[in-house]
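Student: Return a 3D structure for these sequence lines:
(2 chains)
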Protein chains: 2
Amino acid sequence: MIERAINLRIPGPTPLSDEVRKDMGKQVINHRGKEFGIILKSTVERLKSVFDTNDDIFLFTASGTGGVEAAIVNTLSRYDQVLGFTYGSFGDRFIEIAETFGVNVMENDTEWGKAVSPEDVAEELSYFPNAKAVLIVHNETSTAQTVRLDEISAVIRRHREEVNPDLLFLVDGISSLGITPFKSSQWGIDVAITGSQKGLRVPPALAIVTVSERAWWASQHNDIPRYYWDFKKAKQFLEKDSPQTPFTPAVLEINALNNELERMLEQGLNMVYARQIETADHVRAGLENMGFELFGDQETASVGLTAIHYEHADQAVEKLMKMGLDIAGGQGKLAGGILRFGHMGAFTKDEIDKALDIVEKTI
Amino acid sequence: MIERAINLRIPGPTPLSDEVRKDMGKQVINHRGKEFGIILKSTVERLKSVFDTNDDIFLFTASGTGGVEAAIVNTLSRYDQVLGFTYGSFGDRFIEIAETFGVNVMENDTEWGKAVSPEDVAEELSYFPNAKAVLIVHNETSTAQTVRLDEISAVIRRHREEVNPDLLFLVDGISSLGITPFKSSQWGIDVAITGSQKGLRVPPALAIVTVSERAWWASQHNDIPRYYWDFKKAKQFLEKDSPQTPFTPAVLEINALNNELERMLEQGLNMVYARQIETADHVRAGLENMGFELFGDQETASVGLTAIHYEHADQAVEKLMKMGLDIAGGQGKLAGGILRFGHMGAFTKDEIDKALDIVEKTI
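Tutor: Numbering: from 1, shown residues only, chains lettered A, B, ... in the order given. Coordinates of the predicted model:
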């Protein structure tokens, strides 16, 4: 594969640090052995810090989307009425997955470029007070927007207290974990999903889920069959004397994740999040200085990527690619109309300036 | 992770060559870009040589078991009557997965340590002539046995010609592809499944499936819902101008697989298979010379691993581990009674001798 000068990009995995690449070049080990058990246990403990929870955490060898499917098939039933909030293509996907398994989704669409508001969630819950679950994406990479999950969680909490204590809260945090603060327990999230390749900064291969008490209860009373994604099986294997996964896992990615999490926690998550904001601000200021117009509601703009209005996006992507900069156009209804610059992970100011310089000279 | 002197082992992934480790240490690339499209296309073409087929081939980011689940949920329906042949724990798992999704499995058990015979398959088909499918594991790592898939395929062919042309033949080849000859098309296999970490010699993270015309037909008439495992979605993305996977894939493993397949095909598959037999013969001769008794029917012994009778297997595994040799005891009903030496992949005579030397000095 070609090595690029600058690994600022989206979509696609976050660029890997030298330490992660070194870990990925290691020899594989026996996934039923004690050494792997120690690594897996440590990884789960460190993930609890990032999700800010004491809930169960399981790792599946899969794309993040596999984790979304796992959340649905373990907690919901056919004909369940759930509320699906969407403001981009990953929200649409969340709903599509639920519908595929026979769940009855009341869809709430927010204009692309804006984020679902807490008021939207409250209103929808007032129409469907007995909904079984709320499905939402924390950060939409398709539109570079992030919902205010703290405020939405307050709406959920109130609804549980006043109307339906069993309401499930399922959150796709694939592109938010490790990038922006996440408080799974405090926010009352029942299943939070992430992947290894965004804010957790290791290669794609792992889907990670948290499972609350409420989600466990739901999983004992739902009717969608599952085998590979089964939470119960994952728990049985994780609780062996030497922790395991039910099926041969991506051992290299798990070991790399364990070590990357150690570095992130040593640095301090607040510092990681603060640097992410700095990076986003720096990218945006640079693009605005060049005269580009930022896309979408800037009050809820994502700190993980930046979108700008751009008419001939496909050609720009090609041109920038030739200059060593791998960015993305729009997805779905935004195809051709925007450019998206990913900046998840750790970048130096210098790297960003180099990338901006290429943009300035190329498009 | 600790580097071991000798990487002869089972279960767990096949040891990686230096070339593969170098590939795994590379920077990740955009999985929606052209470069990845070229790599994915080449990987699929090379896999066609190993499966010996022109059927569709899809890669899922998952453990091999995910591929088994994909085979079932894409081709079978609830209440379908299928024949499940088992001679070890992976055969049991194949049946368990089918039953999880509501398939009605007629189970045929062969004593552990022997392989299902073509006569068993013919007899069972005579009792259930309208069975929808035959499920079988090609190589059982739990018992170190391999079925004679060529002869079983002749039984299937005859049954299709004489009784039921729609009979599906689903084969778990997770631990056989790349180790022993496989002729997916000639043997009339509808879905063959493998993983990346056994005979294909790269790290675990990929499940790979072939899909025949008959399997496609079945997939259009079955009723088990699927999203992540959906063959149709995989085909849509693979057939884009620049081939893709529907969800973020394990890009490093796919690139490493593409390059490892190139090396295997350059060497020649017949040479790869011949060397695997040499390795197995060498390991067995060594163990027999030490006075160990080989476990199971030697007529159908696997070339990928060797099992011996051993009473205190758990202690032996611990002792050998301390000496740098990572082997396995028995699984399920063979727990404690056998030792299993994996020898999938490329080993020099010298490496095997070193491993045998450790065994001789330790247990």
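Student: What parts of the stretch 201-350 of chain A come near chain B?
Tutor: Where the stretch 201-350 of chain A comes near chain B, counting by Cβ under 8 Å from any Cβ of the partner chain, the residues are A:203-205, A:225-228, A:245-253, A:255, A:321, A:326, A:328. In this view, the C-beta of every residue, glycine as well, is placed from N, C-alpha and C.
Student: Report the closest residue of the stretch 1-150 of chain A relative to chain B.
Tutor: Scanning the stretch 1-150 of chain A for proximity to chain B using Cβ to the nearest Cβ identifies A:Gly25 as nearest, at 3.1 Å.
Student: Quick one: neighbours of that residue, just the number.
Tutor: Here the neighbour count serves as a burial measure; for A:Gly25 (other Cβ atoms under 10 Å in any protein chain shown) it reads 19.
Student: How about the contacts made by it?
Tutor: Contact partners of A:Gly25, counting by Cβ atoms under 8 Å, 6 or more residues apart in numbering or on different chains, are B:21-22, B:24-25.
Student: can you list the domain ranges for chain A.
Tutor: When chain A is parsed into structural domains using automatic domain parsing, the resulting residue ranges are A:18-264, A:268-362.
Student: most tightly surrounded among these?
Tutor: Of all those, domain A:18-264 carries the top mean neighbour count, a mean of 22, counting by mean count of other Cβ atoms under 10 Å in any protein chain shown.
Student: now it: how far from the chain's centre is it?
Tutor: In terms of Cα atoms, centre = their mean, to the nearest Å, the centre of domain A:18-264 is found 8 Å from the chain centre.
Student: Distance of the residue nearest the centre of chain A relative to A:Ile193?
Tutor: Centroid check for chain A by Cα atoms, centre = their mean gives A:Ile174 as the closest residue, at 1.2 Å. In this structure, A:Ile174 and A:Ile193 are 6 Å apart, going by Cβ to Cβ, to the nearest Å.
Student: got any residues that touch both of the two?
Tutor: With contacts taken as Cβ under 8 Å, 6+ apart, A:Ile174 and A:Ile193 have A:64, A:67-68 as neighbours in common.
Student: show me what contacts A:Thr245?
Tutor: Remark: with contacts taken as Cβ under 8 Å, 6+ apart, A:Thr245 is in contact with A:31, A:40, A:59-61, A:234, A:237-238, B:63.
Student: Lowest-confidence one in these?
Tutor: Lowest pLDDT of the contacts of A:Thr245: A:His31, 91.
Student: just checking, that residue touches A:Gln244?
Tutor: Yes. Applying Cβ atoms under 8 Å, one finds A:His31 in contact with A:Gln244, separated by 6.8 Å.
Student: so what sits against both of the two?
Tutor: Overlap between the neighbourhoods of A:His31 and A:Gln244 is empty, taking contacts as Cβ under 8 Å, 6+ apart.
Student: Can you pull the residues of the stretch 51-200 of chain A lying near chain B?
Tutor: A:61-66, A:69, A:96-97, A:100-102, A:195, A:197.
Student: From these, which land in strands?
Tutor: When those are checked against strands (DSSP state E), the matches are A:61, A:195.
Student: A:Leu59 sits in which helix or strand?
Tutor: Assigned by DSSP states H and E, A:Leu59 belongs to strand A:56-61.
Student: and that strand, what does it pack onto?
Tutor: Judged by 3 or more Cβ pairs under 8 Å, 6 or more residues apart in numbering or on different chains; DSSP states H and E, strand A:56-61 is in contact with helix A:34-51, helix A:64-75, strand A:206-211, helix A:231-238.
Student: can I get the ones you listed in TSV with distance to B:Arg78?
Tutor: Shown next, in TSV, are the helices and strands packed on strand A:56-61 (distance: least, Cβ to Cβ, whole Å):
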stretch	distance to B:Arg78
helix A:34-51	35
helix A:64-75	15
strand A:206-211	26
helix A:231-238	21
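Student: How about the one residue in the stretch 101-250 of chain A that gets nearest to chain B, nearest residue that isn't a chain neighbour?
Tutor: The minimum distance from the stretch 101-250 of chain A to chain B, using Cβ to the nearest Cβ, falls at A:Phe247 (3.6 Å). Nearest residue to A:Phe247, sequence neighbours excluded (Cβ to Cβ, 6 or more residues apart in numbering or on different chains): B:Ser63, at 3.6 Å.
Student: For that neighbour, give me its contacts.
Tutor: Contacts for B:Ser63 (Cβ under 8 Å, 6+ apart) come out as A:61, A:228, A:245, A:247-249, B:195, B:204, B:207.
Student: coming back round to it: and the residues of the stretch 51-200 of chain A next to chain B, which two are furthest apart?
Tutor: By the measure Cβ to Cβ, these have their two most distant members at A:Gly102 and A:Gln197, which lie 30.0 Å apart.
Student: what's the single longest helix in chain A?
Tutor: Among the segments of chain A that qualify as a helix by DSSP state H, the longest is helix A:269-289.
Student: helix or strand right after that one?
Tutor: Scanning forward in sequence from helix A:269-289, with DSSP H and E defining helices and strands, the next element found is strand A:305-309.
Student: list the helices and strands that following strand packs on?
Tutor: When contacts are defined as 3+ Cβ pairs under 8 Å, 6+ apart, strand A:305-309 sits against helix A:269-289, strand A:338-342.
Student: Poorly predicted segments of the stretch 101-250 of chain A, please.
Tutor: Judged by pLDDT under 70, the stretch 101-250 of chain A has no weakly predicted residues.
Student: can you map out the helices along it?
Tutor: Along the stretch 101-250 of chain A, the stretches classed as helices by DSSP state H, counting those that start in this stretch are A:118-127, A:149-162, A:213-219, A:231-238.
Student: and the angle from the first one to helix A:149-162?
Tutor: Right, the one you point to is helix A:118-127. In terms of direction (axes from the mean of the first three to the mean of the last three Cα atoms, to 10 degrees), helix A:118-127 departs from helix A:149-162 by 20 degrees.
Student: Send me helix A:118-127 as PDB with only the CA atoms.
Tutor: Output for helix A:118-127, consisting of C-alpha atoms alone and laid out as PDB, is shown next (Å, rounded to 0.1, in the frame of the first residue of the first chain):
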ATOM      1  CA  PRO A 118     -33.500  17.400  22.800                       C
ATOM      2  CA  GLU A 119     -36.900  19.000  22.100                       C
ATOM      3  CA  ASP A 120     -37.300  16.700  19.100                       C
ATOM      4  CA  VAL A 121     -36.800  13.700  21.400                       C
ATOM      5  CA  ALA A 122     -39.100  15.000  24.100                       C
ATOM      6  CA  GLU A 123     -41.900  15.700  21.500                       C
ATOM      7  CA  GLU A 124     -41.600  12.300  19.900                       C
ATOM      8  CA  LEU A 125     -41.700  10.600  23.300                       C
ATOM      9  CA  SER A 126     -44.900  12.600  24.100                       C
ATOM     10  CA  TYR A 127     -46.500  11.100  21.000                       C
END
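Student: hmm, who's touching that helix?
Tutor: With Cβ under 8 Å, 6+ apart, helix A:118-127 has contacts from A:83, A:85, A:106, A:108, A:110, A:131, A:134, A:136, A:148, A:151-152, A:154-156, A:158-159, A:163, A:167.
Student: Next: the longest one.
Tutor: Where contact means Cβ under 8 Å, 6+ apart, the residues beyond helix A:149-162 that reach it are A:116, A:118, A:121-122, A:125, A:129, A:134, A:136, A:138, A:166-167, A:169, A:171, A:182-183, A:186-189.
Student: Stretch A:218-230 now?
Tutor: Around stretch A:218-230, the neighbours that count as contacts under Cβ under 8 Å, 6+ apart are A:60, A:66, A:69-70, A:72-78, A:101-102, A:166, A:168, A:190, A:211, A:231-233, A:246-247, B:62-63, B:65-66, B:69, B:96-97, B:100-102.
Student: hmm, back to that, now do the closest residue to the residue nearest to the centre of chain A other than its chain neighbours against A:His138, distance only.
Tutor: Leaving aside its sequence neighbours, A:Ile174 sits nearest to A:Gly64 (Cβ to Cβ, 6+ apart; 4.0 Å). From A:Gly64 over to A:His138 the distance is 12 Å, taken as Cβ to Cβ.
Student: what do the two both touch?
Tutor: Overlap between the contact sets of A:Gly64 and A:His138, as judged by Cβ under 8 Å, 6+ apart, is given by A:Asp172.
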